[in-house]
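> Coordinates for the following, if possible.
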Amino acid sequence: MKYPLLKLKSIGTDKWSAADKTVFFKTIGDLISTGFSLNHALSYICETEPKLTNSVTKINQKMETGAGFSVSIREFIDSETYHQILVAEKHGQLGRTLSELGAFFDIRQTQMKKIQGLLTYPVFLMAMIVILVVTIKLYILPNISGIYVANNHHNQTPYLLFLGVFLIGVVGYFGWFYWTGLSVINRFSALSKLPVIGKVVRSYLSYYLASNLAVLLRNGLPIKEIIELLKTFDHHSLLYNLGGSLNRELKSGTDIVIVAKNYDFVPKEMIKFLNSGGTTDEIAQSLLAYSQKMFQTFSNRIDRLIGCIQPILFCVIGLAIVAAYFQILMPIYGSLKEIY
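Below is the predicted model of the structure:
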């Protein structure tokens, strides 16, 4: 069985925004689940979603020339979403996968709106604090008698600020240099180890890997053929790099279960399923149920993380207020000290 080797296009203006992807996948997923064919669903979107009309028309035109749906939609979506659709299309699970993507992007868009709502009031407060501090520094402090004595201390602030910005820039540069030097697998491993975000990353990767592996196993593909399929993916994708690493290990005679344990982001449950001794269909069914569970876990963890945003911001605002009062009162205290 051969699979097309497709090249990535550079990210450009043709890419759908998060809102566009949400509308498209939610609509097409709902339509297919109610019995629409893929072509009928695309035609319906052309008629009802003006923002997507041009791009969906392009998709239809490519499909009319014989291109697959995954190839036709490639230029509008990110790499991981494309590969998820490609796997599903090749193995007869396109309808279910599009419905899952619709639910995924719908939840993500809802969460983004929650974040925007939570940020509105704290950002407004922070802007008011900045305006207040600037006003006091520019118009009030210069008119306070005796401020000249305190200016020696106060004039150090720009230098300290410059030093702080410089240090942050240096750390950011070396951090970016180190990050870009990591392989795709090592990047995901590093993200999965982070204190708070790590759990969210692991739950998403568990859903993503289990869902794709379940599709492949349900269609009877052996592990070696699955790895060959992964080698046709984009070189910057997680699945391609994971497949290449697995291939090297398997060629050396290492069992795939042992190999999988070397990756922090591969869940132990997946390893147990692969090592359970069940039939391919049973393993695929377990992985599918597990992917659905991880999808819900991912959504719940994101919601909990969003709930922490506002309290953290209010703490930052409180510290900013204290720092602002400190900067305002220190010059006054210095002048009074010199007087008495």
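> tell me which element residue 249 falls in.
Assignment of secondary structure by DSSP states H and E places residue 249 within helix 238-251.
> Against which helices or strands is that helix packed?
For helix 238-251, the helices and strands in contact under the criterion 3 or more Cβ pairs under 8 Å, 6 or more residues apart in numbering; DSSP states H and E are helix 79-90, helix 184-192, helix 197-218, helix 223-230, helix 256-260. The C-beta positions use only the backbone N, C-alpha and C, and glycine is treated the same way.
> Now render the ones you listed as a markdown table, adding distance to residue 101, mean neighbour count and mean pLDDT.
Supplementary listing: the helices and strands packed on helix 238-251 in a markdown table, determined by distance: least, Cβ to Cβ, whole Å; neighbours: other Cβ atoms under 10 Å; pLDDT from 0 to 100:
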| stretch | distance to residue 101 | mean neighbour count | mean pLDDT |
| --- | --- | --- | --- |
| helix 79-90 | 7 | 22 | 81 |
| helix 184-192 | 20 | 17 | 85 |
| helix 197-218 | 10 | 22 | 84 |
| helix 223-230 | 20 | 17 | 75 |
| helix 256-260 | 25 | 15 | 67 |
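> Rebuild those as CSV, extending it with distance to residue 294.
Conversion of the helices and strands packed on helix 238-251 to CSV gives the following (distance: least, Cβ to Cβ, whole Å):
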stretch, distance to residue 294
helix 79-90, 14
helix 184-192, 13
helix 197-218, 4
helix 223-230, 19
helix 256-260, 16
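> quick one, which of those is nearest to residue 166?
helix 184-192 (25.8 Å; Cβ to Cβ).
> How about the secondary structure of residue 266?
When the structure is split into helix, strand and coil by DSSP: H, G, I helix; E, B strand; the rest coil, residue 266 lands in coil.
> Got the phi and psi for it?
In this entry, residue 266 is assigned phi and psi values of phi -80, psi 120 (degrees, to the nearest 10).
> Pull the number of nearby residues for it.
Using other Cβ atoms under 10 Å, residue 266 has 22 other residues around it.
> That one and residue 209 touch, don't they?
Yes. Taking Cβ atoms under 8 Å as the definition, residue 266 is a contact partner of residue 209 at 6.8 Å.
> Quick check: the gap between residue 225 and residue 133.
Taken as Cβ to Cβ, to the nearest Å, the spacing of residue 225 relative to residue 133 amounts to 64 Å.
> give me the low-pLDDT residue ranges for the stretch 51-200 of the chain?
136-137, 140-162 (pLDDT under 70).
> how's this structure carved up into domains?
18-109, 186-303 (the TED database).
> quick revisit: tell me what angle the helix holding residue 249 forms with helix 79-90.
Comparing the axes of helix 238-251 and helix 79-90 via axes from the mean of the first three to the mean of the last three Cα atoms, to 10 degrees yields an angle of 70 degrees.
> from now on call the first residue 12
Renumbered: residue one is now 12, and that last one reads helix 249-262.
> by how many degrees do helix 249-262 and helix 234-241 diverge?
Helix 249-262 runs at 140 degrees relative to helix 234-241, counting by the same axes, to 10 degrees.
> Buried residues, helix 249-262. List them.
Across helix 249-262, burial judged by 16 or more other Cβ atoms under 10 Å covers 249, 250, 251, 252, 253, 254, 255, 256, 257, 260.
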